[in-house]
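> based on what follows, work out the 3D shape:
(one chain, ligands or ions: 1)
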Amino acid sequence: MEGLFQHTFKFCPLCKDSLRGKQVDGRKRLVCPKCGWIHYKNPLPVVVCAAKNRNGEILIAKRNFKPGINKWALPGGFVESGEIPKAACLRELEEETGLKGKIKRLIGVYIQKTREYGSLLVIGYEVSVSKCNLSLNNELKDARFFNKKNLPVIPFSSHREMLKQMQNDLK
Ligand SMILES: [Zn+2]
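Numbers count the residues shown, from 1 in each chain. This next block holds a predicted model:
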């Protein structure tokens, strides 16, 4: 799974020397033999939004970019440096769909592996929206509110886990 991502760095970003594989803190990491820079690989933080309307339907979007291009998924995106995850979640929702939402709760935190970005730390929020007039940007091909008993196929295991957790919490 980590194929593409793993081979991204060949040279030290500080001194341009060639990186070498070395055991650091119990893992093999790329290390610069000249200046000691270590390429720590940490998951990238992503927020994902399960937006519910007043009828309890959930917003699912068809993606226009990798990973998961042309597939249905919950809206979301990367947390920017210095940004609070809740704010990132509402920002992404509004950017992608034009909807203004309110954070209801944290559903859970998950790991999602992708070819494009390696490992992602997925922070999933439940969001309520009162108005449902969608205005999609170019990141999405389609977006609809689905009845929770009739959701489309979603390729991301983290999104599926989030939706399952939401269902379980209702019981
Ligand atoms: Zn270096």
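> okay, now Val109: neighbour count?
Applying other CB atoms under 10 Å, we find 13 residues neighbouring Val109. Placement of C-beta: from N, CA and C, glycine included.
> correct me, but it touches Leu120?
No - taking contacts as CB atoms under 8 Å, Val109 lies outside contact range of Leu120: 10.9 Å.
> and the most centrally placed residue in the chain, what does it touch?
Using CA atoms, centre = their mean, the residue of the chain that lies closest to the mean C-alpha position is Val46, 3.7 Å off. By CB atoms under 8 Å, 6 or more residues apart in numbering, the contact list for Val46 reads 76-79, 112, 120-123.
> of these, grab the buried ones for PyMOL.
Restricted to buried positions by 16 or more other CB atoms under 10 Å, the PyMOL selection for those reads:
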select buried, resi 76+77+79+112+120+121+122+123
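> now tabulate the contacts of Val46 in TSV and tack on distance to Leu90, pLDDT and secondary structure.
What follows is the contacts of Val46, written out as TSV (distance: CB to CB, whole Å; pLDDT from 0 to 100; DSSP: H, G, I helix; E, B strand; the rest coil):
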residue	distance to Leu90	pLDDT	secondary structure
Gly76	11	96	strand
Gly77	11	96	strand
Phe78	14	97	strand
Val79	12	98	coil
Gln112	20	96	strand
Leu120	19	97	strand
Leu121	18	98	strand
Val122	16	98	strand
Ile123	13	98	strand
